[in-house]
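1. Build me a model:
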Amino acid sequence: MDSNFSELLNYLNEINQPHIIEEFHKHNNSDKFELKKQIDHLEKIYPGGIREYIKRAKILLENSKKNVNPYSSFTPSIPEGIDITVGDDQYFELESLGFEELSRSGFVLVAGGLGERLGYNDIKVGIQTDLISQRVFLKVYIDFLLAYEKRMRDKHSITDDNFHIPLCIMTSDDTHIKTLGLLEANNYFGFKKENLTIVKQEKVPALLDNDCKIALIKDTLLIDTKPHGHGDVHTLLYQNGVIENWQKQGKKWVVFFQDTNILVFNCLPSAIGVSKKNGYVINSITIPRKPGDNLGGICKLTNTENNKSITLNVEYNQLDSLLKDKWNPKGDILNEKGLSYFPGNTNVLVFELDSYQKTLEKTKGLMPEFVNPKYADESKTTFKSPTRLECMMQDYPQLLTENEKVGFTMYERWFCFSTCKNNLKDGIDRLKKGLLAETMFSCEQDIYQTNLIILRDVLGINEINKASEISENKVEVCGWDITFDPKIVILPEFAVTIKELKEKIKGKISITNRSVLILESYEGKIPSFTLDGFLRITKDMKLEENMNIENNTRCEFVKLNDGQGENFETIRGYRCNLIN
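-> Coordinates of the predicted model:
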């Protein structure tokens with residue numbers, strides 16, 4: 001579209017936007033040029049441009065008005081998948097199988113969110129994961145990828161400077177500049193800049209009514225735009241040639257993970273192993289859920305019209321009614337383990353790369369969309385506020401056309417899933433209701449607790465009791481006592497798999513409740529020792545058999561009063577004091 005305003009007006013007329021034309025004549029040339037520039041941009045970022053967006057919106061809005069059930073032609077059934085017990089023979093077999101595939105894997109971090117809901121005034125990937133190591137989420141993730149790469153080089157004697165494990169980060173308008181700033185300020189956390197791709201999610205026009213009148217920002221000639229959803233990651237990977245490039249590098253797998261799931265890397269090697277062993281082109285990482293849990297369920301859906309099946313996440317507010325209608329009159333019932341037959345979605349996905357690229361070439365990554373308008377009245381014609389089309393990354397299986405194999409891998413929640421999405425007050429209110437807090441303090445608890453369970457219960461190499469009622473182990477947050485177990489931090493440089501931990505720690509470790517143990521790095525195998533205090537095990541340290549390590553250094557969590565603390569501390573409600 002050139003600078004001729006007559007062409008712009010003709011275009012607005014063609015897409016049936018008379019209200020914008022009327023507003024157009026009230027503004028100066030500068031405003032008109034800005035509108036033209038914005039429209040040109042929207043044309044480029046949405047496959048098919050605004051015309052295609054409006055076309056799709058009209059169909060979805062009409063279906064919404066008529067209360068059309070998107071699953072009306074599908075019959076649900078129990079999906080195919082594997083239930084993993086961490087530490088048994090099957091687990092170690094799959095972990096070893098997937099570990100071998102890490103050299104042929106690429107990783108995609110979906111990081112479009114700010115921490116406003118948490119009370120944090122910056123990007124979520126820039127929050128300190130725990131107050132012991134002070135590592136931010138993004139550093140933890142990059143440290144794992146660098147550790148994977150080092151182990152692949154060592155194991156397979158790779159000397160090619162071009163070999164790397166690539167990372168792609170999807171940002172948004174809200175997070176793009178801040179994410180770049182975080183990376184640049186920390187020298188990309190040691191990651192080679194040329195091995196990192198950043199793609200920015202764009203926004204789509206907001207709509208005023210069922211006729212798809214495009215909303216304008218109040219008192220301006222600019223289109224009001226809203227986020228299109230994290231399903232855009234597939235479109236962006238296609239448009240930027242990311243997967244095609246990884247395919248040329250010989251990569252076989254693509255792993256998608258979310259911005260604040262600090263435990264996700266525990267399960268990834270074995271999950272890739274499941275995909276390899278079972279031939280899954282899509283593998284959803286799941287956790288147990290109970291009927292009624294506010295967590296989407298993975299479900300096999302068979303189209304009664306063509307008998308084709310897909311395995312897909314169904315949102316929790318739609319699952320029970322779907323099951324009652326076509327699976328069991330009682331809906332989402334308990335199985336013999338007291339859980340739902342349909343495991344909970346964590347939005348961590350493992351894709352087989354060749355299949356993925358083939359589908360992207362067919363579809364350009366344009367995802368199935370939905371619309372959720374809030375109607376102004378019973379006529380369902382206009383909306384209380386502008387709406388837009390949205391899409392979700394986990395709906396990708398709907399793009400498959402050849403009945404390719406899709407499955408799930410289920411782990412206990414403690415091992416693979418921790419999320420941070422609530423502020424302190426909301427988190428404490430959830431605890432009072434018997435729900436998970438899902439705050440930054442619970443995320444920190446999860447790190448220490450998971451490492452404790454792995455060392456004590458899975459590997460059986462620790463003698464550690466759960467937290468006792470000593471002051472170092474609890475802190476008051478919003479009138480509620482938060483309790484911590486011994487604070488154990490395991491860095492990727494030390495170990496990236498359970499097998500590696502098992503091989504590196506040969507002795508028995510006894511730790512008191514007040515102790516802090518940081519496994520950073522070590523040459524050789526760690527012998528038996530006892531710890532009462534603070535210990536950071538590093539590369540050059542020498543440990544003797546049956547050492548008794550005792551000191552007065554400890555980390556004490558201290559309640560924050562109003563006005564105290566840095567932002568990464570205030571979203572927890574406490575600070576960490578190192579006491580000698």
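2. C-alpha only now, for contacts and for neighbours.
-> Will do.
3. any idea how far the longest strand out of those in the chain is from the chain center?
-> With DSSP state E applied, the strand covering the greatest number of residues in the chain is identified as strand 344-352. Taking C-alpha atoms, centre = their mean, to the nearest Å, the mean C-alpha location of strand 344-352 is offset from the chain mean by 9 Å.
4. what's that strand packed up against?
-> Helices and strands touching strand 344-352, as assessed by 3 or more C-alpha pairs under 8 Å, 6 or more residues apart in numbering; DSSP states H and E, comprise strand 253-258, helix 268-278, strand 282-287, strand 297-303.
5. ok, 7 Å please
-> With contacts defined as 3 or more C-alpha pairs under 7 Å, 6 or more residues apart in numbering; DSSP states H and E, strand 344-352 has these neighbours: strand 253-258, strand 282-287, strand 297-303.
6. The following helix or strand past that strand to strand 344-352, inter-axis angle?
-> Helices and strands here follow DSSP states H and E; after strand 344-352, the next one along the chain is helix 353-363. Here helix 353-363 points in a direction 90 degrees away from that of strand 344-352 (axes from the mean of the first three to the mean of the last three C-alpha atoms, to 10 degrees).
7. which residues are contacting the longest strand of the chain?
-> Strand 344-352 is contacted by residues 252-258, 272, 281-289, 295-298, 313, 394 when judged by C-alpha atoms under 7 Å, 6 or more residues apart in numbering.
8. buried residues in that strand?
-> By neighbour count, and taking 16 or more other C-alpha atoms under 10 Å as the criterion, the buried residues in strand 344-352 are 344, 345, 346, 347, 348, 349, 350, 351, 352.
9. same check, this time on stretch 31-39
-> Applying a neighbour-count criterion of 16+ other C-alpha under 10 Å, the buried positions in stretch 31-39 are 32, 33, 35, 36, 37, 39.
10. The third one looks like it's in a strand, true?
-> Put plainly, it is residue 35. No. Using DSSP: H, G, I helix; E, B strand; the rest coil, the secondary structure at residue 35 is helix, not a strand.
11. hang on, isn't it packed against residue 220?
-> No. Between residue 35 and residue 220 there is no contact, the gap being 9.5 Å when judged by C-alpha atoms under 7 Å.
12. and the helix or strand harbouring residue 320 with strand 297-303, angle?
-> Here residue 320 sits within helix 316-326, counting by DSSP H and E. Following the same axes, to 10 degrees, one obtains 40 degrees for the angle between helix 316-326 and strand 297-303.
13. How far does helix 316-326 sit from its chain's centre?
-> The chain centroid and the centroid of helix 316-326 are separated by 25 Å, computed with C-alpha atoms, centre = their mean.
14. Quick one: the buried residues of stretch 31-39 as JSON lines, columns for pLDDT and distance to residue 264 too.
-> Below are the buried residues of stretch 31-39 laid out as JSON lines (pLDDT from 0 to 100; distance: C-alpha to C-alpha, whole Å):
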{"residue": "32", "pLDDT": "94", "distance to residue 264": "48"}
{"residue": "33", "pLDDT": "94", "distance to residue 264": "46"}
{"residue": "35", "pLDDT": "95", "distance to residue 264": "43"}
{"residue": "36", "pLDDT": "94", "distance to residue 264": "43"}
{"residue": "37", "pLDDT": "95", "distance to residue 264": "41"}
{"residue": "39", "pLDDT": "95", "distance to residue 264": "39"}
